[in-house]
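*Asks:* Let's see this in three dimensions:
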Amino acid sequence: MSTVPRTADPVRKHRREVWLWIIAPVALTFLALVVMCVILAIGVATDALVGKQINTVMSLLATVFIVCPMTLLCLIPYGLFALSAYGTGWLYANAQTPLRYTRRVTERIAGATNQHVPRLARPLIAMNVWLTRWEKTLLSGDQPPLSSQEDTADE
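*Replies:* Numbering: from 1, shown residues only. Just a heads-up that it's a prediction; the model follows:
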């Protein structure tokens with residue numbers, strides 16, 4: 001006998017979830033409407049209700065079944081969009097000062113870097129030229145070293 005737990009059939013699980021989460025709510029709502037219509041028809045047949053009362057009840061049902069989904073599906077996202085637009089404007093208004101400061105600091109650092117890099121690079125270039133001369137001398141001992149014109153061409 002295996003000790004591995006038996007997993008449920010995924011197809012059966014999916015069908016059960018479809019019935020519980022999709023079909024059942026729609027069917028229960030449909031049944032509630034049918035029951036309400038039957039109750040209203042019985043009320044009219046027994047003269048317990050008149051046309052104006054049915055009109056009022058149906059108006060209330062229409063309000064519940066039309067306005068509530070419209071509110072959930074339309075007005076709430078519009079409200080969220082309006083709130084996000086307001087929040088974006090507020091963030092932009094409050095973020096201008098830090099953004100300006102950051103831009104100025106970045107410009108200052110870039111200017112200082114452009115100023116100092118050539119001075120820092122000269123010793124490295126000179127060392128590279130020196131090592132290249134030594135390499136050329138060691139690899140081919142009978143060739144003359146590089147001339148001074150070729151020296152400055154790399155800088």
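
*Asks:* what packs against the helix or strand encompassing Leu60?
*Replies:* Taking DSSP states H and E as the criterion, Leu60 maps to helix 51-62. Counting contacts by 3 or more C-beta pairs under 8 Å, 6 or more residues apart in numbering; DSSP states H and E, helix 51-62 is packed against helix 24-45. Glycine gets a C-beta too; all of them are placed from N, C-alpha and C.

*Asks:* what's the angle from the helix it packs on to helix 51-62?
*Replies:* With axes from the mean of the first three to the mean of the last three C-alpha atoms, to 10 degrees defining the directions, helix 24-45 sits at 170 degrees from helix 51-62.

*Asks:* if we look at helix 24-45, which residues are touching it?
*Replies:* 49-51, 53-54, 57-58, 61, 65 (C-beta atoms under 8 Å, 6 or more residues apart in numbering).

*Asks:* Please repeat the previous calculation with a cut-off of 10 Å.
*Replies:* Outside helix 24-45, the residues that touch it by C-beta atoms under 10 Å, 6 or more residues apart in numbering are 18-19, 48-51, 53-54, 57-58, 61, 65.

*Asks:* That helix: how far from the chain's middle?
*Replies:* 43 Å (C-alpha atoms, centre = their mean, to the nearest Å).

*Asks:* List the buried residues in it.
*Replies:* Residues of helix 24-45 classed as buried under the neighbour-count rule (16 or more other C-beta atoms under 10 Å) are Leu40.

*Asks:* And the average pLDDT for it is what?
*Replies:* Rounded to a whole number, the mean pLDDT of helix 24-45 is 86.
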